[in-house]
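Student: Turn this into a structure:
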Amino acid sequence: MPFGPYDLDCHVVVELFDDQLQKWIMLDPTSDTYCVNEQGLPLDLLEMREAFEKGQEVTILVNGRPLKKSDQRMLKSYYAKNLFYLKADCHQTVDFDGEMVDFRPSHFDITSYRRANLKYRYQTLKNMPEVEVKLLEEAKKAMETFVSDDSKNVRVACLKKGQPMLAVGY
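Tutor: Residues are numbered from 1 along each chain as shown. Have a look, this model is predicted:
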């Protein structure tokens, strides 16, 4: 998810566990890509985030071949923008139960972010003539009924080296 609450764009990818490598790997079905480090080892989302933060080399591959330089730059910028914090279903099932977990920098005020984002989404939808009434009503209800539940915050300091992040279920 992006840092700014006024950025309505985000990106969904898949992480899978590779038995041979004994690690998680990010796959992007939208662009048919995955990322590797300087040693050619596939990266998971947290490894990608850390590499971007530290300015380490990340190569984006499609069918095992690097993208051309201009596409590398564009997609790296896009991934970096959307790796500010991560959000996932707690239970990966067919019948989604609505329980989510997010991983974010410990200093990030998610409550203010979500309030600003919900308000901005509603205002944006309200000004779009082609928006369905049901969608607009859902956005308004989400904005009006949002309640932060920070009582579920659990500090996870060992996810990755460096800055602690919060794992939050809601």
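
Student: rest of the way, CA atoms for contacts and neighbours
Tutor: Fine.

Student: Show me what stretch 15-26 is in contact with.
Tutor: Contact with stretch 15-26 is made by Val13, Val14, Leu27, Tyr34, Cys35, Pro42, Leu43, Asp44, Leu45, as judged by CA atoms under 8 Å, 6 or more residues apart in numbering.

Student: Next, format those as JSON lines and append neighbour count and distance to Phe103.
Tutor: Listed next are those as JSON lines, based on neighbours: other CA atoms under 10 Å; distance: CA to CA, whole Å:
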{"residue": "Val13", "neighbour count": "13", "distance to Phe103": "15"}
{"residue": "Val14", "neighbour count": "14", "distance to Phe103": "16"}
{"residue": "Leu27", "neighbour count": "20", "distance to Phe103": "19"}
{"residue": "Tyr34", "neighbour count": "22", "distance to Phe103": "21"}
{"residue": "Cys35", "neighbour count": "24", "distance to Phe103": "20"}
{"residue": "Pro42", "neighbour count": "23", "distance to Phe103": "21"}
{"residue": "Leu43", "neighbour count": "22", "distance to Phe103": "17"}
{"residue": "Asp44", "neighbour count": "20", "distance to Phe103": "14"}
{"residue": "Leu45", "neighbour count": "19", "distance to Phe103": "11"}
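
Student: show me where pLDDT drops low in the protein?
Tutor: Along the chain, the model assigns pLDDT under 70 to residues 2, 6, 91-93, 96-98, 131, 146-170.

Student: longest helix of it?
Tutor: helix 110-126 (DSSP state H).

Student: Could you check how far it is from the centre of its chain?
Tutor: Its chain's C-alpha centre lies 17 Å from the corresponding centre of helix 110-126 when counted by CA atoms, centre = their mean, to the nearest Å.

Student: who does the one helix or strand Glu144 maps to touch, helix- and strand-wise?
Tutor: Assigned by DSSP states H and E, Glu144 belongs to helix 133-145. Judged by 3 or more CA pairs under 8 Å, 6 or more residues apart in numbering; DSSP states H and E, helix 133-145 is in contact with helix 110-126.
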